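Participant: With the sequence up front, the predicted model follows.
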Amino acid sequence: MTSRASVELHTLIYFKKRPTDTEAGIVKIRNNGFIVFVPKYGIEGPVYLTCRVEKGGGEWDVYEQDQRLERRTEA
């Protein structure tokens, strides 16, 4: 557990100092965003489309059961 936490901490520190733009694949759709895998760096993590406490808010409709996202249109 300790070594995993250490790797996560050092990964966070590395990318905080070096903003990066690279390709990632969506692994799973969640109710407030999705999980991505970045093959270049071998890391996986969440991308939130709404605040963690704000379910159903924001500009995206998330259908976790169907594994799809749709941008909301203003009525």
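Facilitator: Great, that's in hand.
Participant: For residue 23, see how far away the residue nearest in space to the middle of the chain is.
Facilitator: By CA atoms, centre = their mean, the chain has its centre lying nearest to residue 47, at 1.8 Å. As judged by CB to CB, to the nearest Å, residue 47 and residue 23 stand 13 Å apart. The way it works is simple: take the backbone N, C-alpha and C, and place the C-beta from them, glycine included.
Participant: can I get the CA coordinates of the helix or strand bottoming out on mean pLDDT in the chain in PDB?
Facilitator: Lowest mean confidence among the helices and strands of the chain (mean pLDDT, DSSP states H and E): strand 60-63, at a mean of 76. Taking C-alpha atoms only, strand 60-63 is exported to PDB below (Å, rounded to 0.1, in the frame of the first residue of the first chain):
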ATOM      1  CA  TRP A  60     -23.300  16.700 -19.500                       C
ATOM      2  CA  ASP A  61     -25.800  13.900 -19.300                       C
ATOM      3  CA  VAL A  62     -24.100  10.700 -18.200                       C
ATOM      4  CA  TYR A  63     -25.700   7.300 -18.800                       C
END
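Participant: buried set for it?
Facilitator: residue 62 (16 or more other CB atoms under 10 Å).
Participant: quick one: strands adjacent to that strand?
Facilitator: Each strand paired with strand 60-63, and its direction, by DSSP bridges: strand 68-71 (antiparallel).
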